[in-house]
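K.L.:
pasting the sequence and the predicted model now:
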Amino acid sequence: MNRVLSSGAAVEPEVSRKARPRIRPGALTIHATMILLAFIAIFPVYWMVVSSLKAENEIFSTGLWPSAPSLDNYGFVLSQIPMLRMLANTTVVAGVTAALHVLTGLFAAYALVRWRFRFSGFVYGLIALSWLVPFQVTMIPNYVLASRLGLLDTLAGLIVPHAAAAFAVLMLYHAMKSFPTEIIEAARMDGAKHWRILWEIITPNLRASLASLGILAFISAWNEYFWPLLLSRSIENSVVQIGLQMFMTQEGNLWGPLMAASTLASLPILAIYLLLQRQVIESFMKSGLR
């Protein structure tokens, strides 16, 4: 009996040693690289916020924190331009544009996947090719059309040319094509029409892809600069990107107010991504977006 106990006691430390997880050198390298990349991505945002709190005579200092933090730059921005009005305009333009991207992309993708018609492959190819055409190529024709429709210096003029996007159609096309056809056929046998199939069966199962598309479209519309610069005439009907440009002049850039305005312009995007980051990651994993 003593021999059994002694043998058991001898085996127990060996088992515990084997159960300890071993940290491989490759894993340490990967984690160190990820930490470095995260620092490289976050540090410019940190420097923007810190610079917005610095005084004018301290803006070019290399200190990681201002000696006397102040909100004077934010007050200057709010007094010089209607920043809150611009943020509201940008939110409306980006939100409506993102919703239209999702809606038109959903309709077009469903038509291409479920409706069998001649030249459907040719239509899909044209949509894919149109994605390669930069917006700057069609900017002038769109401007002429917006001018004739009386959409100059309006928020509707900033939205309508971006109501549909080839990227939205392609993304939802691949997500919808992977949807099980057996479920759709079963619904059709039960008497469900296309409208009901789309909204009650397919759309709830594509929430991750729709959320991802909405976020990407919102960010793209939020960062749009050339089209608002071409279409806007008054500062009250312009967007926040035009407001940032006003602090960059030929005489010199007002770096403190510019960083303050950039911080205010970045807050909605950061908040949206923090709230919906799980849907974005889940969508990228499911849809295989590259």
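P.N.:
Nice, thanks for sending it over. Values in this document were obtained by computation on a predicted structure and should not be read as measured data.
K.L.:
please pull out the lowest mean pLDDT helix or strand from this structure.
P.N.:
Scoring the helices and strands of the chain by mean pLDDT, DSSP states H and E places helix 2-19 at the bottom, with a mean of 48.
K.L.:
tell me the helices and strands packed up against whichever helix or strand comes after that helix.
P.N.:
Using DSSP states H and E, the helix or strand that directly follows helix 2-19 along the chain is helix 25-52. Packing partners of helix 25-52 (3 or more CB pairs under 8 Å, 6 or more residues apart in numbering; DSSP states H and E): helix 255-287. The way it works is simple: take the backbone N, C-alpha and C, and place the C-beta from them, glycine included.
K.L.:
what is the rounded mean pLDDT of the helix it packs on?
P.N.:
Helix 255-287 shows a mean pLDDT of 78.
K.L.:
and it, how far from the chain's centre?
P.N.:
Put simply, helix 255-287 sits 7 Å off its chain's centre (CA atoms, centre = their mean, to the nearest Å).
K.L.:
what is that helix packed up against?
P.N.:
helix 25-52, helix 72-80, helix 83-114, helix 166-177, helix 207-222, helix 240-245.
K.L.:
alpha carbons only: can I get the last one in PDB?
P.N.:
Output for helix 240-245, consisting of C-alpha atoms alone and laid out as PDB, is shown next (Å, rounded to 0.1, in the frame of the first residue of the first chain):
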ATOM      1  CA  VAL A 240     -18.000  68.500 -41.700                       C
ATOM      2  CA  GLN A 241     -15.200  67.700 -44.200                       C
ATOM      3  CA  ILE A 242     -15.700  71.100 -45.700                       C
ATOM      4  CA  GLY A 243     -15.500  72.600 -42.300                       C
ATOM      5  CA  LEU A 244     -12.100  71.000 -41.600                       C
ATOM      6  CA  GLN A 245     -10.800  72.500 -44.800                       C
END
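K.L.:
who's in contact with it?
P.N.:
81, 83, 86-87, 89-90, 222-225, 228-229, 232, 235, 258, 261-262, 264-265 (CB atoms under 8 Å, 6 or more residues apart in numbering).
K.L.:
mind listing what's buried in it?
P.N.:
Buried residues in helix 240-245, defined by neighbour count with 16 or more other CB atoms under 10 Å: 240-244.
K.L.:
torsion angles phi and psi at N223?
P.N.:
phi -90, psi 0 (degrees, to the nearest 10).
K.L.:
thank you kindly, that will do.
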